[in-house]
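Participant: fold the following and give me the result.
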Amino acid sequence: MNDTMAAAITRSPNRKLLYHFTRASNLPAIAYADALLASARFSPSAAGERRLRPVAAKLEQYPVTLNAHLRIADSMIDASTTQEQFRAALDRHVFLWPTRPYCQKMIDTYTRREPDERFAILELDASSLLADHYSAVKLSKYDSGSSPRFPALCSYKKSPAMFVPLGLFGTAVNATVPVKPSDIREVLVEDRVAGISRYLRSVYVDRCEDAPEKWRCLARPLAPWRSSSPR
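Facilitator: All right, here's what the predicted structure looks like:
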């Protein structure tokens, strides 16, 4: 069942890979753990508290920077939850992008916001990752962590109910959750993506030395991902 569902979601040539956007400075910690860890693992006592700016943390001796929470308009939050509860739910997950254009929007946004920061993108095999993390995977139809430009025009509200477990994909049919592969905007994995070396296909960085030594053979230039770069 795990392999069947993962294969169905990744059948399109444009959905064979998953992308994780991070800071280049986080790569040593990711390589050390051989895992992508949810931000709640670094600050469990601050569950639901909004990070107004990037926050420094550590994994053993390796530095980790947690991104700030983007502001979400109160009008976008469903009556069944609160801003704090929704942020806590987000922080319990690792976020992956199912297509290159969705991930490109992330790097463009963060490059504008933090022009002096170096970033990185991890390109991962989608089918095997989804199958191996089947019980922890959830899917979203929307960009859950940001607020639309015109909240009053949106037909949905944000809450943990907008995330459908992979095992229920295609059976839970409503306007808030994805019902077909092309609906999927985000892939979330609860707590961690373990053993990422098994899935890693490329590490996109601005400087080759930003790639951890064990992954340096997978290093590729990040520049072509940016909208201003020639294709």
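
Participant: show me where the protein has its strands.
Facilitator: 17-23, 35-37, 55-59, 62-66, 93-96, 119-125, 137-140, 163-165, 186-190, 192-194, 200-205, 219-221 (DSSP state E).

Participant: against which helices or strands is the fifth one packed?
Facilitator: Contacting strand 93-96 under the criterion 3 or more C-beta pairs under 8 Å, 6 or more residues apart in numbering; DSSP states H and E are the following elements: strand 17-23, strand 186-190, strand 192-194. Bear in mind the C-beta positions are built from the backbone N, C-alpha and C, glycine included.

Participant: can you pull the pLDDT of the nearest residue in space to residue 102 that is not next to it in sequence?
Facilitator: Take residue 102 and drop its neighbours on the chain: the residue closest to it by C-beta to C-beta, 6 or more residues apart in numbering is residue 185, 6.4 Å away. With respect to pLDDT, residue 185 scores 96.

Participant: could you measure from residue 9 over to residue 182?
Facilitator: 10 Å (C-beta to C-beta, to the nearest Å).

Participant: among those two, which residue is more densely surrounded?
Facilitator: residue 9 (23 against 12; other C-beta atoms under 10 Å).

Participant: hang on, isn't the more buried one packed against residue 180?
Facilitator: No - counting by C-beta atoms under 8 Å, residue 9 does not reach residue 180; the two are 9.4 Å apart.

Participant: of the strands of the chain, which is nearest residue 106?
Facilitator: strand 17-23 (4.4 Å; C-beta to C-beta).

Participant: that closest one vs strand 62-66, what angle?
Facilitator: If you take axes from the mean of the first three to the mean of the last three C-alpha atoms, to 10 degrees, strand 17-23 sits at 100 degrees to strand 62-66.

Participant: and strand 17-23, what other elements does it pack with?
Facilitator: Right, strand 17-23 is packed against strand 93-96, helix 100-113, strand 119-125, helix 126-132 by 3+ C-beta pairs under 8 Å, 6+ apart.

Participant: partner strands of the shortest one, with direction?
Facilitator: In the sheet containing strand 93-96, its partner strands are strand 186-190 (antiparallel), by DSSP bridges.

Participant: export the strand it pairs with to CSV, keeping only CA atoms.
Facilitator: The C-alpha trace of strand 186-190 is given here as CSV (Å, rounded to 0.1, in the frame of the first residue of the first chain):
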residue,chain,number,x,y,z
GLU,A,186,3.2,21.0,0.2
VAL,A,187,4.4,17.7,1.6
LEU,A,188,4.8,17.6,5.3
VAL,A,189,6.5,14.9,7.4
GLU,A,190,5.9,14.8,11.1
